[in-house]
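Whatever this is, show me its structure:
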Amino acid sequence: MSKLTKNQKLVSEKIEAGKAYTLKEAAELVKEVTFTKFDASVDIDVRLGVDPRKANQMVRGTVSLPNGTGKQVRVLVLCTADAEAAAKEAGADYVGLDEYIEKIKGGWTDIDVIITQPAIMGKIGALGRVLGPRGLMPNPKSGTVTPDVAKAVKEVKQGKIDFKVDKGGIVHTSIGKVSFTPEQIRENAKAFVDMILKLKPATAKGTYLKSVYLSSTMSPGIKVDTKSISE
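Numbering: from 1, shown residues only. As a prediction, this is how the structure comes out:
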C-alpha cells in the first residue's frame, strides 16, 4: 500500500468519512483541506430528485452571488453601434459586431460570456458550431440576450452566474475562491441553494434536495447537512 502523502493524511484527519457537516463548518473545512499554490475555485455539487430528461423537471436559472465569483469574467458584447458606448462603460471587455463574428468563425473564443441583443440573434445563429460546445451561446433564459446589454454586463461582472441540472440530476458550479472568507463561501453557497429551492419543479417527486457537497479544485468533497443551509 502506498504511503499517503502528508497532505492526504491531513485531509483524512480533518474530513470524517460519511459525516455531514453544517454549511458553516464545510465553508471553513474547504479552506483547510486545499493545498494548492494557486487560488483554487470552490465548487458546489447539488444532487436533485428530478428527472432532467423530462422537460417539466428541468432546473435552470441564474443567481447573483452576494460576494461575486472571484474570477475575472471576460465579457464580449455583440450589439448595434448605438449600444456600444454603454456596454463599454458597464465594463465589457470587448464590444462590436461583425469583426467579432468573423473572429469567432475563425475559432476565437477567449471569452467567458457573450451578451447580445434580440435583434442580433439572427446573425449569431451561424456561430452555434463554435459557441454551442463551449457553452457560450447567448440565451434569453440566462439574461444574455437582452435589449439592455449594459445592465447585463454589470450583473455578470458583479457575480451573476447561470446554471442548469445535468443528465445525472446534478447542478455543479463554482461559487468562489479558496481565498474567500468562510463567511463569503457560506453566503454564496446559501444564495445558490436557495435559488435552486425556488426553482423546484411542481412535478418533482420525493426528496428534492438529495445531497450537497462543497469541494475545491484539488480537495475531496465535503458533505453538507442540507438542513443546515436554511439556518
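
Going by C-alpha atoms from here, please, whenever you check contacts or count neighbours.
Noted.

Next up, the contacts around the most centrally placed residue in the chain.
For the chain, the residue sitting closest to the mean C-alpha position, by CA atoms, centre = their mean, is residue 173 at 4.0 Å. Taking CA atoms under 8 Å, 6 or more residues apart in numbering, we find residue 173 in contact with 43, 44, 45, 163.

Go through the residues you listed and say which is closest to residue 23.
When those are compared for distance to residue 23 (CA to CA), residue 44 wins out at 11.2 Å.

For beta bridges, what are the partners of the closest one?
residue 173, residue 214 (DSSP bridges).

tally of neighbours for residue 65?
Number of residues near residue 65 (other CA atoms under 10 Å) recorded here: 23.

my guess is it contacts residue 162, does it?
No. The criterion here is CA atoms under 8 Å, and residue 65 misses it with residue 162 at 10.5 Å.

Need the overlap of contacts for those two.
In terms of CA under 8 Å, 6+ apart, residue 65 and residue 162 are not both contacted by any residue.

picking up where we left off before, now distance to residue 111 too, for the contacts of residue 173, in a markdown table please.
Below are those laid out as a markdown table (distance: CA to CA, whole Å):
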| residue | distance to residue 111 |
| --- | --- |
| 43 | 21 |
| 44 | 23 |
| 45 | 24 |
| 163 | 18 |
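
of the residues you listed, the lowest pLDDT goes to which?
Lowest pLDDT among those: residue 163, with 93.

Got the phi and psi for that one?
Main-chain torsions, residue 163, degrees, to the nearest 10: phi -150, psi 160.
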